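Colleague: following is a predicted model, sequence given first.
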Amino acid sequence: MKILVIGSGAREHALVRALLRSGGDSSIDEPGNEVIVAPGNAGIAQEVPVHPVDVADPEAIADLAEQLSVDLVVIGPELPLVLGAGDAVRARGIACFGPSAEAALLEGSKAFAKQVMAAAGVPTAMARVCTTIDEVEAALDAFGAPHVVKDDGLAAGKGVVVTDDREAAVAHARACLDREGEAALVIEEYLDGPEVSLFAITDGVTVVPLQPAQDFKRAGDGDTGPNTGGMGAYSPLPWAPAGLVDEIVTRVVQPTVDHMRAAGTPFIGLLYAGLALTSRGLRVVEFNARFGDPETQVVLARLHTPLAGVLYAAATGQLADAPPLVWRDEAAVVAVIAAEGYPGSVTTGDVITGLEEATDIADVQVLHAGTAAGSNGSIVASGGRVLSVVGIGAGIDAARAAAYAGVDRIGLRGSHHRRDIAAGVGETPDGLVGG
């Protein structure tokens, strides 16, 4: 099968490696699938062909897919999905794993997602959609602290503020409402308890869940600092209650997929449910319309079943006939190395060292995100989240040790990473949720 992957991050690097597997082996050298990436990054370019493309131009994506005569397009980031890349590709008669623009509003608009959850009977946080500061202040007063303020639209994982500081909450709300064009935001009640990320592949009817993971959104150890796109993750979740995945599918994913189909906007692709296991039961924090980053890096590291056939079955409405997924027993942990300044204005252009030394470690994968080719064969940082270092081991502790052994071999001036990813996860972790 010839597959075009759209995107340039570590999520796409993980997808490439999973799609190249034809026999379920962990090696990426097996023949079978041809994978091309656009636009890719320096690490992906070392493994598969890459092509330039503007991910914000749906027709350019469709043109490239047609020119390359691919069998399947897999869209990684949320922006092209919300802009209609899935629609443009399917209009050319090419199978596409990714929802339509209308269905992608589950991620593109938090207000729309709340409406869908209400209609589908999906448990979620109480919320108010606000378009003025007066409405914001009334909602903050109604829900009380901690305050959860969410930009309604896409914000690369950085549009959420969870804080006890009412002035900080109002300031974030004001920044959201001051954007050009029609602006809205969502004020939610705070949800106690740990968060869980669950991905589900769907063809609009059938739902196939993947293994759950937990990510770490804050920039600093101990869940301190600003929200980011994600600084690390791990899977499986040793503390998760029995039957959790079945409960999430029954109460959240399947009702949402059923409602979207009944509403005339079937969701085809990857539905990501971010959830909180609260003292009052399961609650949805947010939906995303694509594979999450960095959770994808650990979930796909544990997948034994070849991924390409499953995604093609979903894209062509044949998921019910796909074989059941088989998972490796090992655990996986990923730590993200970020550039100086992330999640704010970042420093780029610095040379990354130690990449070969890190990948020489058994059970370590180095997945590239914000990287580019430098001079004399070097690789330089070109974005905020630069690398995802994945460790695989017999348990969480072994996987964590492998991941940080890899991190410690890599050098990047001014970079930072968390040292507490997956630390002490034998018990239910504490920490802020709502992001």
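Modeller: Noted; the coordinates are in hand.
Colleague: looking at the chain, which helix or strand does the model trust least?
Modeller: Scoring the helices and strands of the chain by mean pLDDT, DSSP states H and E places strand 160-163 at the bottom, with a mean of 84.
Colleague: what packs against it?
Modeller: strand 147-151, helix 166-177, strand 224-227 (3 or more Cβ pairs under 8 Å, 6 or more residues apart in numbering; DSSP states H and E). The C-beta positions use only the backbone N, C-alpha and C, and glycine is treated the same way.
Colleague: and the ones you listed, which is most packed in?
Modeller: A comparison of those by mean neighbour count, using mean count of other Cβ atoms under 10 Å, puts strand 147-151 on top with a mean of 25.
Colleague: contacts for that strand?
Modeller: Under the contact criterion Cβ atoms under 8 Å, 6 or more residues apart in numbering, strand 147-151 has outside partners 110, 125, 136, 140, 159-166, 169, 172-173, 176, 185-191, 286, 434.
Colleague: check stretch 101-110 too.
Modeller: Contacts for stretch 101-110 (Cβ under 8 Å, 6+ apart): 78, 81-84, 86-87, 98-99, 112-113, 116, 150-154, 186, 256, 260, 265-269, 271-272, 286-290.
Colleague: okay, and which of the residues you listed map to helices?
Modeller: Among the contacts of stretch 101-110, the members falling in helices are E78, L81, V82, L83, G86, D87, F112, A113, V116, T256, M260 (criterion: DSSP state H).
Colleague: including neighbour count, pLDDT and distance to V389, could these go into a markdown table?
Modeller: Below are the ones in helices among the contacts of stretch 101-110 laid out as a markdown table (neighbours: other Cβ atoms under 10 Å; pLDDT from 0 to 100; distance: Cβ to Cβ, whole Å):
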| residue | neighbour count | pLDDT | distance to V389 |
| --- | --- | --- | --- |
| E78 | 22 | 96 | 24 |
| L81 | 32 | 98 | 27 |
| V82 | 24 | 97 | 30 |
| L83 | 19 | 97 | 31 |
| G86 | 30 | 98 | 31 |
| D87 | 19 | 98 | 36 |
| F112 | 17 | 92 | 36 |
| A113 | 24 | 93 | 32 |
| V116 | 22 | 97 | 36 |
| T256 | 26 | 98 | 33 |
| M260 | 25 | 98 | 36 |
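Colleague: let me know the pLDDT of the closest residue to Y312 other than its chain neighbours.
Modeller: Here the nearest residue to Y312 in space, its sequence neighbours aside, is L72; by Cβ to Cβ, 6 or more residues apart in numbering that works out to 5.2 Å. L72 is assigned 98 on the pLDDT scale.
Colleague: repeat for A422
Modeller: Among the per-residue scores, A422 shows a pLDDT of 98.
Colleague: just to check, it is in contact with G393?
Modeller: No: counting by Cβ atoms under 8 Å, G393 is not a contact partner of A422; they are 10.6 Å apart.
Colleague: compare neighbour counts for the two and give me the winner.
Modeller: Residue environment comparison for A422 versus G393 gives the larger neighbour count to A422, 26 against 18, counting by other Cβ atoms under 10 Å.
Colleague: quick check: phi and psi at that one.
Modeller: In terms of degrees, to the nearest 10, the main-chain angles of A422 are phi 60, psi 20.
Colleague: so who does it touch?
Modeller: G232, Y234, V333, I396, A399, R400.
Colleague: give me the three-state assignment for the residue most central in space within the chain.
Modeller: Taking Cα atoms, centre = their mean, the centroid of the chain lies closest to G292, which sits 1.0 Å from it. At G292, secondary structure determined by DSSP: H, G, I helix; E, B strand; the rest coil is coil.
Colleague: may I have the beta-bridge partners of the closest residue to it other than its chain neighbours?
Modeller: Closest residue in space to G292, ignoring its immediate chain neighbours: Y272 at 5.0 Å, by Cβ to Cβ, 6+ apart. As for beta bridges, Y272 partners with F199, N288 under DSSP bridges.
Colleague: run a quick neighbour tally on Y272.
Modeller: Neighbourhood size, Y272 [other Cβ under 10 Å]: 23.
Colleague: tell me the contacts of it?
Modeller: Applying Cβ under 8 Å, 6+ apart to Y272 gives the contacts E107, S197, L198, F199, A200, F287, N288, A289, R290, F291, G292.
Colleague: before we move on, what about H13?
Modeller: With contacts defined as Cβ under 8 Å, 6+ apart, H13 is in contact with N41, G43, I44, L367, H368, A369, S388.
Colleague: which of the residues you listed sit farthest apart?
Modeller: Using Cβ to Cβ, those reach their maximum pairwise distance at I44 and S388, which is 12.3 Å.
Colleague: where does pLDDT dip in the stretch 301-435 of the chain?
Modeller: The model of the stretch 301-435 of the chain has pLDDT under 70 over residues 426-435.
Colleague: could you pull out the helices in it for me?
Modeller: 307-315, 355-359, 396-407 (DSSP state H, counting those that start in this stretch).
Colleague: filter the contacts of strand 147-151 to the buried ones?
Modeller: Among those, those that count as buried by neighbour count (16 or more other Cβ atoms under 10 Å) are 110, 125, 136, 140, 159-163, 169, 172-173, 176, 185-191, 286, 434.
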